[in-house]
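**Student:** just a sequence and a predicted model for now, questions to come.
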Amino acid sequence: MNVFTENAGRFLNSKETASLTGSYRDRKLAVGLPADEYTRSEYFGIQQVMHLLSQPGCIGLRIHHAKRWEDADGNPTEEGKGQLKPRVLLTGVDSKGHDMPIRVDKAGLKDDGDDELQTVGDGYICPRHCPK
């Protein structure tokens, strides 16, 4: 059975959602993280998501859990400087379950003329960018 279909996943009711996010919050607080210092979510705009989904053969999204070194303002730093923060990366997925990174044509750019494969990242994290 192929699990990579356009109908993977399901809608969760508010009780299930609250249980999942509450368990995550409780665990972070239990290890001593203040509520305003741990990443609760990451926001991506519709244009970036639709660009991924509109690729020929794309049937869904994969969300990759990742970490990177960042300064206090959320800007990337070099390894070992700042804090290692959780982030997510988005890629389109085809019907065989393969990631479909976006191919960006860099022809004519100074660095090189090769196409580069990219994912969607650098969403706005909550709590920093969430309404109070």
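**Tutor:** Nice, thanks for sending it over.

**Student:** and the strands in this protein, which stretches?
**Tutor:** Ranges of strands in the chain, per DSSP state E, are 41-43, 60-70, 83-93, 99-100, 102-104, 116-118, 124-126.

**Student:** closest one to Gly9 among those strands?
**Tutor:** The stretch from the strands of the chain with the least distance to Gly9 (Cβ to Cβ) is strand 60-70; that distance is 8.2 Å. (C-beta placed from N, C-alpha, C; glycine too.)

**Student:** give the rounded mean pLDDT of that closest one.
**Tutor:** On average, the pLDDT along strand 60-70 is 95.

**Student:** stretch 79-86 too?
**Tutor:** 92.

**Student:** quote the end-to-end distance of it.
**Tutor:** Chord length of stretch 79-86, first to last residue, is 14 Å (Cα to Cα, to the nearest Å).

**Student:** got it, and stretch 30-37?
**Tutor:** Between the start and the finish of stretch 30-37 there is a gap of 13 Å, counting by Cα to Cα.

**Student:** and for stretch 40-57?
**Tutor:** In stretch 40-57, first residue to last residue: 31 Å (Cα to Cα).

**Student:** can you pull the buried residues of that stretch?
**Tutor:** 42, 44, 52-53, 55 (16 or more other Cβ atoms under 10 Å).

**Student:** need the helices for the protein, in chain order.
**Tutor:** Taking DSSP state H to define them, one finds helices in the chain at 14-30, 46-53.

**Student:** so the most centrally placed residue in the chain bridges to which residues?
**Tutor:** By Cα atoms, centre = their mean, the mean C-alpha position of the chain lies nearest to Val88, the distance being 2.7 Å. For Val88, the beta-bridge partners under DSSP bridges are His65.

**Student:** shaky segments in the protein?
**Tutor:** Applying pLDDT under 70 to the predicted model, the residue ranges of the chain that meet it are 104-116.

**Student:** domain assignment for it?
**Tutor:** Taking automatic domain parsing as the reference, the chain has its domains at 10-39, 41-126.

**Student:** list the buried residues of the first one.
**Tutor:** Of the residues in domain 10-39, those scored as buried under the neighbour-count criterion (16+ other Cβ under 10 Å) are 28, 38-39.
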